[in-house]
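In: Here's my sequence, what's the structure:
(one chain, ligands or ions: 1)
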Amino acid sequence: MADLDDIRDGDNFGLNTPADTSKFYLKGMNSTDWGVKNRMSRIFNRKSGNTVMLAFDHGFLMGPTSGLERIDLNIDPLAEHADCLMGCRGSIRSMISPENTKPVCLRADTGTTILTELNHNVLLGEEEMISMNSSALAAMIAVGDAATEATTMANFSRLVDIGNKYSIPVMCVTAVGKDMARDSRYFQLAARVGAENGASIVKTYYTEGFENVVACTPVPIVIAGGKKLPEIEALEMAYNAIQAGAAGVDMGRNVFQSEAPLAMIKAVGGVVHEGLKPKEALDLFETEKNAS
Ligand code: 5RP
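Out: Model prediction:
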């Protein structure tokens, strides 16, 4: 029986003691098998330890959102500057070249759209996940949403079973409902729930106190970009997340809705892989934008 009247927030995150990565360069992966390590190595750069995942999975619930009207024109040209492509089976099959050699993180759940109630989702078939040659599988959990938490957690657990069967890492996408507080306390809970349920990667949102979110999550964390921000603010967010220990980004709108998406993904890459400061990355963005 959970003692709901005695939930004490953690406050000892051991921030000065890094996780043990002596057997593999990414945290939480020491005891995983060859297949998981090999796939994680395709996604996370060995030198920086980080990744720039390009997220374009929005269409399955939002339709042709701005910047994703034509994935063949919008996303395919950016692919070579991403470390991993995160999308849905339909758009990848129909609009991403099969000659693309970037690893795919397949959005493995689908369901209701913005026209009804979000997050009433189901999982794709297991065979489909394999046939897409997925290097990772992603599904969303709606922690704190009374209507959909149980369903999405059940989806996620089943996806981890499938991932473990085939040594495919599973990324937990932590959704934030309209009634959920976007603070460090909530993201600690949501990210940790994902990791406890078997995620190899957790996708969450940057917030104040992100060091604690990273510290209490035993696997690599990547941040979503969220709503479109001015380029300098998106670069600052990525920089702050990396400084706090994030292992990269899985960014969508702040790349493909930028006035210069190609320049933006290069600038984000500069922050994630080369440690560029936000102003340096903005200079890179401006240079690339003006050169195109
Ligand atoms: C939903 C998500 C989506 O997977 C999406 O990729 C978000 O990307 P961005 O916020 O960067 O546009 O995370 O919760």
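
In: host element of Arg182?
Out: Assigned by DSSP states H and E, Arg182 belongs to no helix or strand.

In: tell me the mean pLDDT for stretch 271-287?
Out: The predicted model assigns stretch 271-287 a mean pLDDT of 98.

In: Buried residues, that stretch. List them.
Out: Buried residues in stretch 271-287, counting neighbours by 16 or more other Cβ atoms under 10 Å, are found at Val271, Val272, His273, Leu276, Pro278, Glu280, Ala281, Leu282, Leu284, Phe285. To be clear about C-beta, it is placed using only N, CA and C from the backbone, and glycine gets the same treatment.

In: Kindly report the same for stretch 96-105.
Out: Ile96, Lys102, Pro103, Val104, Cys105.

In: Please tabulate the residues you listed in TSV and include pLDDT as additional columns.
Out: Shown next, in TSV, are these (pLDDT from 0 to 100):
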residue	pLDDT
Ile96	95
Lys102	97
Pro103	98
Val104	98
Cys105	98
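
In: which among these gets closest to the ligand?
Out: Nearest to the ligand out of the buried residues of stretch 96-105 is Cys105 (Cβ to the nearest ligand atom; 9.7 Å).

In: thought Met153 was touching Gly198?
Out: No: between Met153 and Gly198 there is no contact under Cβ atoms under 8 Å: 11.2 Å.

In: Same list, the buried residues of stretch 271-287, but as CSV with distance to Asp161 please.
Out: Putting those into CSV (distance: Cβ to Cβ, whole Å) gives the following:
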residue, distance to Asp161
Val271, 35
Val272, 31
His273, 33
Leu276, 40
Pro278, 41
Glu280, 44
Ala281, 40
Leu282, 44
Leu284, 42
Phe285, 42
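
In: Just the ones of those residues in strands?
Out: Under the assignment DSSP state E, these contribute nothing to strands.

In: what two of these are the furthest from one another?
Out: Using Cβ to Cβ, the two most remote members of the buried residues of stretch 271-287 are His273 and Leu282, lying 16.4 Å apart.

In: And the residue nearest to Arg70 when sequence neighbours are not counted, how far from the ligand?
Out: Distance criterion Cβ to Cβ, 6 or more residues apart in numbering; nearest residue to Arg70, sequence neighbours excluded, is Met95 at 7.7 Å. Using Cβ to the nearest ligand atom, to the nearest Å, Met95 is found at 16 Å from the ligand.

In: Equivalent analysis for Ala238, please.
Out: Distance from Ala238 to the ligand, by Cβ to the nearest ligand atom: 11 Å.

In: next one: Gly49
Out: 21 Å.

In: any idea which helix or strand carries that residue?
Out: Applying DSSP H and E, one finds Gly49 in no helix or strand.

In: Is the residue of the stretch 1-150 of the chain found nearest the ligand bridged to anything, and to what?
Out: Closest contact between the stretch 1-150 of the chain and the ligand, by Cβ to the nearest ligand atom, is at Ala55 (3.1 Å). Listed beta-bridge partners, Ala55: Met86 (assigned using DSSP bridges).

In: Just say helix, strand or coil for Met171.
Out: State at Met171, reduced to three classes by DSSP: H, G, I helix; E, B strand; the rest coil: strand.

In: related to what we said a few turns ago, what number of residues lie near the residue of the stretch 1-150 of the chain closest to the ligand?
Out: 27 (other Cβ atoms under 10 Å).

In: residue contacts, it?
Out: Listed by Cβ atoms under 8 Å, 6 or more residues apart in numbering, the contact partners of Ala55 are Met86, Gly87, Ala224, Gly225, Asp250, Met251, Gly252.

In: What about the ligand: which of the residues you listed touch it?
Out: Among these, the ones lying near the ligand by Cβ under 6 Å from any ligand atom are Ala224, Gly225, Met251, Gly252.

In: With distance to Asp72 added, can I get those residues in TSV?
Out: Output for the ones next to the ligand among the contacts of Ala55, formatted as TSV (distance: Cβ to Cβ, whole Å):
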residue	distance to Asp72
Ala224	24
Gly225	22
Met251	20
Gly252	17
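
In: So for the biggest helix by length in the chain, mean pLDDT?
Out: Counting residues, the longest helix found in the chain (DSSP state H) is helix 149-166. Averaged over helix 149-166, pLDDT sits at 98.
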